[in-house]
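Novice: A structural model of the following input is requested.
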Amino acid sequence: MPSDQTAQLRPGTTGRIEALDVARGMALVAMAIYHFTWDLEFFGYVLPGTTGFGGWKLFARCIASSFLFLVGISLVLAHGRGIRWPSFWRRFAMVASAAAAISAVTFFAVPGAFIFFGILHQIALASLLGLLFLRLPWRLTLVVAIAVVAVPQFFRAEVFDHPALWWVGLAPVNPRSNDYVPLFPWFGAVLFGIAAARLAIDGGLAALLAALHPGRWSRPLQFIGRHSLAFYLIHQPVLIGCVWLFAQLFPAPQQTPEVGFRYSCEASCKQTRDEAFCARYCACMLDNIEASGDLPKVLAGEMDDELRDRVTGAAGLCTADAETDSLEDPAP
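Specialist: Just a heads-up that it's a prediction; the model follows:
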C-alpha cells in the first residue's frame with residue numbers, strides 16, 4: 001500500500017498525479033468507516049453479522065478492490081518504463097514487514113481468525129507478480145485479469161485445502177480469517193489496474209489526469225493517500241482503542257452466545273432465503289450444535305475436519321426440516 005509512486009507519463013516528465021492520491025485517500029476513509037463499524041460489532045453495539053453480509057460485505061469488497069486496482073496503476077506509473085529496483089525493493093520490504101507484523105499480532109490477539117494472508121500480503125505478492133505484466137499489451141493483461149477473477153467460480157480443489165496453500169484461494173471452503181485476500185480472485189484487481197494504466201498512457205489520458213489539480217478540500221485526502229501504509233497500520237488500533245474506552249464507560253447490552261449465533265446465522269441465511277425459512281433453519285442449527293456441545297468451538301472458529309463434518313450434516317438436516325415446515329405452512 002505504499003503510495004509514493006512517481007508518474008512517468010511521457011519521456012522527460014515525471015510528477016505525482018494528485019487525483020490518484022485523492023482516490024487512495026478516499027479508499028482509506030472508506031476503510032476506516034468499515035473498520036469502525038466492525039469494531040462496534042465486536043464490542044456488541046451493533047448486531048452480530050452486520051459487517052459480514054449484505055451491503056457491508058459488498059462495501060468491504062469494493063474497498064479492497066479499489067486499493068488493489070490502484071496498486072496496479074501505481075506499478076505502471078512507477079516502473080512501466082523500467083523497473084527501478086532499489087525503490088521497488090524498499091517499498092516491497094515495507095509492505096511485507098507490515099504484513100508479517102499484522103499476522104504476528106493477530107495470531108496472539110485472535111488465534112481463531114488471525115490474518116495470515118490479508119490485503120497487505122496480497123499487495124506484496126501482487127507487486128512482485130505484477131512486474132511480469134508491465135510490458136505486455138493491455139488487452140492481454142485484461143484477459144488474464146478476467147481469468148483470475150473467474151477461476152474460483154469454476155474451479156476449486158481439495159489439494160488447496162492445506163494451510164500452506166490457503167493463500168492461493170482455491171480451497172473448497174475459505175478458511176476463517178478477519179482479513180482474507182488470496183491470490184485468486186484478488187490479483188485480478190491489480191491486473192485490471194495495470195491494464196487501465198497502460199491503456200490510459202497509450203491513449204494520452206494519463207497526461208490529462210496529471211493536469212488535474214483538486215482544490216484545497218482535497219489536501220487531507222492527498223496527505224493520507226501519500227502516507228497510506230502508515231494510515232493503514234495506525235487507524236485500526238486508534239479506532240478500536242476509542243471504542244474500548246467508550247465501552248468501559250458505557251458498556252453495550254450483553255448478549256448470550258446463543259443470541260449472537262442466531263443473529264449471525266440469520267444474517268448469512270437471508271442472503272439467499274426468505275426470513276421465515278432462515279428463522280426455522282437457524283433455530284434448528286442452534287439446537288443441533290448446542291446438543292452436540294460444539295457451540296463454543298463454532299463461535300470461536302475452531303473448525304477442524306470432524307466438527308466441519310458434523311456442522312455440514314446438521315445443515316443438511318435443518319435445511320430439509322425448514323423446507324418441510326415451509327411446505328406445511330398454510331398459504332396466506
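Novice: need the helices for the stretch 201-332 of the chain, in chain order.
Specialist: Here the stretch 201-332 of the chain has its helices, by DSSP state H, counting those that start in this stretch, at 205-210, 219-226, 228-249, 257-269, 275-291, 295-300, 305-328.
Novice: Mind giving me the packing neighbours of the fifth one?
Specialist: When contacts are defined as 3 or more CB pairs under 8 Å, 6 or more residues apart in numbering; DSSP states H and E, helix 275-291 packs onto helix 257-269, helix 295-300, helix 305-328. (C-beta placed from N, C-alpha, C; glycine too.)
Novice: just these: most buried one?
Specialist: With neighbours taken as mean count of other CB atoms under 10 Å, the helices and strands packed on helix 275-291 reach their highest mean count in helix 257-269, at a mean of 18.
Novice: Just the residues contacting it, thanks.
Specialist: 47-50, 52-54, 255, 275, 277-279, 281-283, 285-286, 289-290, 295-296, 298-299 (CB atoms under 8 Å, 6 or more residues apart in numbering).
Novice: mind checking which of the helices and strands packed on helix 275-291 is nearest F116?
Specialist: Closest to F116 of the helices and strands packed on helix 275-291, according to CB to CB: helix 295-300, at 16.6 Å.
Novice: for the residue nearest to F223 when sequence neighbours are not counted, what are its contacts?
Specialist: Leaving aside its sequence neighbours, F223 sits nearest to G25 (CB to CB, 6 or more residues apart in numbering; 7.4 Å). Residues counted as contacts of G25 (CB under 8 Å, 6+ apart) are 218, 220-225, 228.
Novice: any idea how far F261 is from G25?
Specialist: Separation of G25 from F261 (CB to CB, to the nearest Å): 38 Å.
Novice: still on that earlier bit, okay if I get the helices and strands packed on helix 275-291 as JSON lines plus distance to A211 and mean pLDDT?
Specialist: Below are these laid out as JSON lines (distance: least, CB to CB, whole Å; pLDDT from 0 to 100):
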{"stretch": "helix 257-269", "distance to A211": "46", "mean pLDDT": "86"}
{"stretch": "helix 295-300", "distance to A211": "54", "mean pLDDT": "81"}
{"stretch": "helix 305-328", "distance to A211": "55", "mean pLDDT": "83"}
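Novice: I'm done for today, thanks for sticking with me.
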